[in-house]
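[1] Everything below, folded, please.
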Amino acid sequence: MSFYIPFISAFVITLWFSFLLLKYAPNWLIDIPTGRKTHNKAIPMTGGIAFGLAILLGTALFSGLTEYWWYLIGGITIYALGAIDDYRRISWHVKLVVQLSVATLIIYRFVGEIMTLSFFNFPLAFSTPLLILIFLIWFVGILNAVNLIDGMDGLAGGSMVLISFFAVIIGILNNAPDFIMINAAVLGALAGFLHFNQKPARFFMGDSGSLLLGFHVACLPLLFHQSIEAGSVLTITPFLILASFLIMDTTRVFFSRILKKQNPMTADTIHLHHLMFRATNSYMGTLVPIFLITWLTGVGSIFYYRYSYDFLAVQVFLLVLILFVFLPPVPFYVPIVSRFIQRLSDNRVRRSDHRHWLRIRFVPFLGLIYFISLMAERLDTLSIGNPNVYLLVGLASLIIFSLLRPKRHVSFQVLIMAIVLLQGLLLISGEVLAPYKSLVFVRFGSLAMLGIITIGNYIENSSDFGLEFWSVIDLLVLLIFAGLALMSLNGIDVSLLSWTEVIIVYYASGLYAQRRMKGRLVHTNL
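    Down below sits the predicted model:
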């Protein structure tokens with residue numbers, strides 16, 4: 001439950017603040033399209049203003065102002081730096097000075113406390129000046145890495161959703177409550193942001209958002225260290241693995257610019273997302289491989305705690321990093337991925353003769369049966385007498401937000417999120433009592449029918465739906481579920497049955513929402 005409240009709070013704050021910014025300040029901080037950008041019209045860069053506020057407020061409310069003062073002061077400074085840069089461009093020299101000043105503040109907090117780095121379970125003792133130098137390189141590099149991959153709708157936000165989710169899992173596995181709550185706030189804020197940043201994006205995160213997210217990733221090892229009170233040893237391995245894509249893509253571009261005798265701080269179009277988009281000419285075909293890489297690094301960071309990597313893992317990790325940095329993407333792996341994406345997009349499935357069983361109009365009826373049985377099972381064991389005010393206000397705010405209909409597809413998406421959050425709350429808040437055991441059959445029976453209808457429609461219409469049918473949030477939910485399933489198969493304690501219930505309700509609701517928005521789905525028997 002520790003992650004639930006900061007997630008909902010940050011989610012709600014981001015949604016409402018985004019809505020207000022788009023409604024009352026639609027022409028503020030406008031991003032004019034140029035040759036290296038994928039959008040073709042002016043779009044506001046106020047997304048980072050919205051979710052940055054939610055992240056900083058969430059950290060202050062749920063983790064304490066005094067314990068994490070260095071994170072809050074540094075985060076506010078970087079957030080303000082990015083916002084000023086969005087308003088009026090600042091030279092990279094000035095930004096570097098501010099970033100180094102924030103790094104100095106953090107060094108002041110931890111200098112003398114951390115003496116050793118744990119790298120793949122190998123203790124590495126450095127002198128204080130060398131430790132400071134290593135931290136400065138890590139901090140400045142990672143802080144700017146998110147900004148450098150923020151080149152497509154939903155790309156940076158989606159990648160950071162996966163990183164934040166796996167960070168929450170790392171916190172749960174290590175009983176690090178503050179670390180969990182801070183990352184849950186980041187995850188909730190980004191979930192709210194993506195409702196407005198999916199293609200076609202209504203706003204971008206801008207430098208205020210991308211620099212704050214980079215700052216957060218750079219601080220993850222230190223946040224974890226403080227949350228578990230790890231003494232003089234700083235564990236860096238899971239966070240190196242987690243941030244691998246950011247490290248690899250940024251390092252590759254940096255050296256490519258130097259080899260071409262260009263300023264490494266200038267912008268260009270040789271990041272992996274630029275190359276993938278040119279090769280596939282597909283929005284989701286570009287996001288899918290990058291999200292998969294981030295997903296794999298996230299799973300790898302979790303398995304560090306399951307398998308305790310040894311020297312062989314060090315060699316594999318370094319080899320992958322070196323190959324990714326120094327192998328040119330276009331003649332090697334980009335064509336392979338683009339051909340796979342093309343085949344996936346051209347997939348055809350034979351139509352079924354039993355489509356009358358797959359009618360989407362049955363979804364609300366089955367969903368109602370499911371929720372009535374679930375609530376009846378858990379009602380006696382829920383803490384109704386003393387409900388958490390954050391949960392009540394949060395869920396009520398989501399419902400009100402949906403009724404306002406800021407945009408029809410956003411309204412449906414938020415309502416689906418509210419339904420799933422309520423479902424999750426019911427699943428984790430109580431046990432089934434003996435008098436209600438029979439309702440379990442009703443609940444799972446209706447759930448099974450929802451699953452059959454949902455899976456059947458996705459398979460039946462796979463060629464029509466295609467990659468572009470999926471939203472960024474849909475894809476991220478699937479990847480998160482796949483990660484949890486893989487953890488469960490490898491002996492990590494995950495309530496996979498509850499997560500399966502959540503995933504079925506989410507996609508069934510999404511399928512029905514598509515029907516309501518479009519009137520009918522192409523070639524779908526409604």
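[2] so how far is the helix or strand hosting S301 from its chain's centroid?
    Using DSSP states H and E, S301 sits within helix 283-307. When distances are taken as CA atoms, centre = their mean, to the nearest Å, helix 283-307 is centred 11 Å away from the chain's centroid.
[3] Could I get the buried residue list for it?
    283-304 (16 or more other CB atoms under 10 Å). Yep, even glycine has a C-beta here, placed from its N, CA and C like the rest.
[4] Which elements pack onto whichever helix or strand comes after that helix?
    Next along the chain after helix 283-307, taking DSSP H and E as the criterion, comes helix 311-326. Other helices and strands packing on helix 311-326, by 3 or more CB pairs under 8 Å, 6 or more residues apart in numbering; DSSP states H and E, are helix 244-259.
[5] how far off helix 311-326 does the helix it packs on point, in degrees?
    Computed with axes from the mean of the first three to the mean of the last three CA atoms, to 10 degrees, the direction of helix 244-259 lies at 40 degrees from that of helix 311-326.
[6] Check what pLDDT the closest residue to T237 other than its chain neighbours gets.
    With CB to CB, 6 or more residues apart in numbering as the criterion, T237 has its nearest non-adjacent residue at 5.2 Å, and that residue is F120. Per-residue pLDDT puts F120 at 88.
[7] Looks like P44 contacts Y24 (just checking).
    No - using CB atoms under 8 Å, P44 is not in contact with Y24; the gap is 11.5 Å.
[8] more neighbours, those two?
    Legend: neighbour count by other CB atoms under 10 Å for P44 and Y24, higher for P44 (21 against 8).
[9] Please report the distance of that one from T104.
    33 Å (CB to CB, to the nearest Å).
[10] go on, P289?
    38 Å.
[11] for the helix holding S301, packing partners?
    helix 155-173, helix 237-242, helix 244-259, helix 272-280, helix 333-345, helix 462-469, helix 472-489.
[12] Out of these, flag the one nearest L450.
    Within those, the stretch nearest L450 is helix 472-489; the backing value is 15.3 Å (CB to CB).
[13] next structured bit after that closest one?
    Criterion used, DSSP H and E; the element after helix 472-489 is helix 496-518.
[14] The stretch 101-250 of the chain: strands as residue ranges?
    Applying DSSP state E, counting those that start in this stretch to the stretch 101-250 of the chain gives strands spanning 116-119, 122-125, 233-235.
[15] Could you dump the ones you listed into CSV with mean neighbour count and distance to L275 added?
    Shown next, in CSV, are these (neighbours: other CB atoms under 10 Å; distance: least, CB to CB, whole Å):
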stretch, mean neighbour count, distance to L275
strand 116-119, 16, 31
strand 122-125, 12, 35
strand 233-235, 19, 34
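[16] Can you check which of these gets nearest to S495?
    It's strand 233-235; of those, that one is closest to S495 (CB to CB) at 26.3 Å.
[17] Quick one: residues in contact with that closest one.
    Residues outside strand 233-235 that contact it (CB atoms under 8 Å, 6 or more residues apart in numbering) are I114, M115, T116, L117, S118, P123, P221, L222, F224, H225.
[18] repeat that for 7 Å
    I114, T116, L117, S118, P123, P221, F224, H225 (CB atoms under 7 Å, 6 or more residues apart in numbering).
[19] Tell me how far it lies from the chain's centre.
    Its chain's C-alpha centre and that of strand 233-235 lie 25 Å apart, by CA atoms, centre = their mean.
[20] partners of that strand, with directions?
    Strand pairing for strand 233-235, determined by DSSP bridges: strand 116-119 (parallel).
[21] Could you confirm E377 falls within a helix?
    Yes - assigned with DSSP: H, G, I helix; E, B strand; the rest coil, E377 falls within a helix.
[22] Local confidence estimate at it?
    On the pLDDT scale, E377 gets 78.
[23] who touches L476 in this structure?
    G158, V161, L162.
[24] follow-up on the earlier one: okay, the strands of the stretch 101-250 of the chain in a markdown table with distance to H273 next?
    Converted to a markdown table, the strands of the stretch 101-250 of the chain look like this (distance: least, CB to CB, whole Å):
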| stretch | distance to H273 |
| --- | --- |
| strand 116-119 | 29 |
| strand 122-125 | 33 |
| strand 233-235 | 30 |
